[in-house]
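Asker: what follows is a predicted structure for the sequence shown.
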Amino acid sequence: MAAAVRVALEYLCTGSVAPLVVNGRRFASAIGKRPRMDAVPLGPLGLADDEQADPTVHGGLDKAVYAWPVQHHAWWQAQRRQRAVDLLDEALPPGFVGENLGLRGLDAPLTEADVYVGDELHLGDAVLRVTEPRQPCFKFAAVMGYAQAGRDMVQSQRCGFYLAVVQVGALQAGQTGSLLPGPRALSIAQALHAKRYKHIR
């Protein structure tokens, strides 16, 4: 049986709905999250003060919180650098891709191949269950600054994952906890591949 993985909540972000301009058109989006240093209450539908622009694809009980392995930022920054998206080559800030939780594996990097649907994240009194991968959309490509970002998300499997709230509590940046194994039948990387294959076949 797989062992529990120690993790750190490096940062925590929430956001409000705001206009996002894509190819000259304005859309409502809450993809731009801001880091929080205070303890943020976690309820059944996610973090307090965290909004979702389109509840048909974001939020809800099974997508209450979006988690992101923090080492992904460096890889995505490199993709933007290769395409001269950001001439200053600035590090991507917390919350840039709409993530709520920036997680770091304390014993080894946390990757989508190592996280499985049904695993449980324990942070303080809160318990969250891994439900599914994040899938790319045009808003993700817009903030990344290049059209192929969605394709790169799928091919690289650097997508992050959604969480359902099993036990409410409060979360705060700097907490450490554990990712406890569930059934271990389907990894997030495998689930992402299956979802994309089903969509395009």
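Answerer: Received it, and whenever you're ready, just let me know what you need. These figures come from a predicted structure and were not determined experimentally.

Asker: hmm, who's touching stretch 57-69?
Answerer: Here stretch 57-69 makes contact (CB atoms under 8 Å, 6 or more residues apart in numbering) with 30, 42, 44-47, 52, 97-105, 109-112, 121, 128, 131-132, 134, 137, 158, 160-165. Placement of C-beta: from N, CA and C, glycine included.

Asker: gap between that stretch and the chain center?
Answerer: 8 Å (CA atoms, centre = their mean, to the nearest Å).

Asker: so for it, what gets flagged as buried?
Answerer: Across stretch 57-69, burial judged by 16 or more other CB atoms under 10 Å covers H58, G59, G60, K63, A64, V65, Y66, A67, W68, P69.

Asker: work out for me the element the third one sits within.
Answerer: Per DSSP states H and E, G60 falls between elements, in no helix or strand.

Asker: in PyMOL, select just the buried ones from the contacts of stretch 57-69.
Answerer: In PyMOL syntax, the buried subset of the contacts of stretch 57-69 is picked out as below (16+ other CB under 10 Å):
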select buried, resi 30+42+45+46+47+52+97+98+99+100+101+102+103+104+105+110+111+112+121+128+131+132+134+137+158+160+161+162+163+164+165
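
Asker: in strands, which of the contacts of stretch 57-69 fall?
Answerer: Counting by DSSP state E, the contacts of stretch 57-69 place 42, 46-47, 101-105, 121, 128, 131-132, 161-165 in strands.

Asker: residues near the nearest residue to V154 once chain neighbours are set aside, how many?
Answerer: Excluding its sequence neighbours, the residue lying closest to V154 (CB to CB, 6 or more residues apart in numbering) is R196, at 5.2 Å. By the measure other CB atoms under 10 Å, the count of residues near R196 is 18.

Asker: looking at this, R196 is in a strand?
Answerer: No - counting by DSSP: H, G, I helix; E, B strand; the rest coil, one finds R196 to be helix, located in no strand.

Asker: pLDDT weak spots in the protein?
Answerer: 1, 197-201 (pLDDT under 70).

Asker: which one of the buried residues of stretch 57-69 is nearest to W76?
Answerer: For the buried residues of stretch 57-69, the minimum distance to W76 (CB to CB) is 10.2 Å, reached by W68.

Asker: now that closest one: which helix or strand?
Answerer: Using DSSP H and E, W68 sits within strand 65-69.

Asker: strand partners of that strand, parallel vs antiparallel please.
Answerer: strand 101-105 (parallel), strand 161-167 (antiparallel) (DSSP bridges).

Asker: what about the longest strand in the chain?
Answerer: The chain, longest strand under DSSP E: strand 5-14.

Asker: residues contacting the helix or strand just after it, please?
Answerer: The helix or strand immediately downstream of strand 5-14 is strand 18-22, counting by DSSP H and E. Around strand 18-22, the neighbours that count as contacts under CB under 8 Å, 6+ apart are R26, F27, A28, S29, A30, I31, G32, F138, K139, A142, V143.
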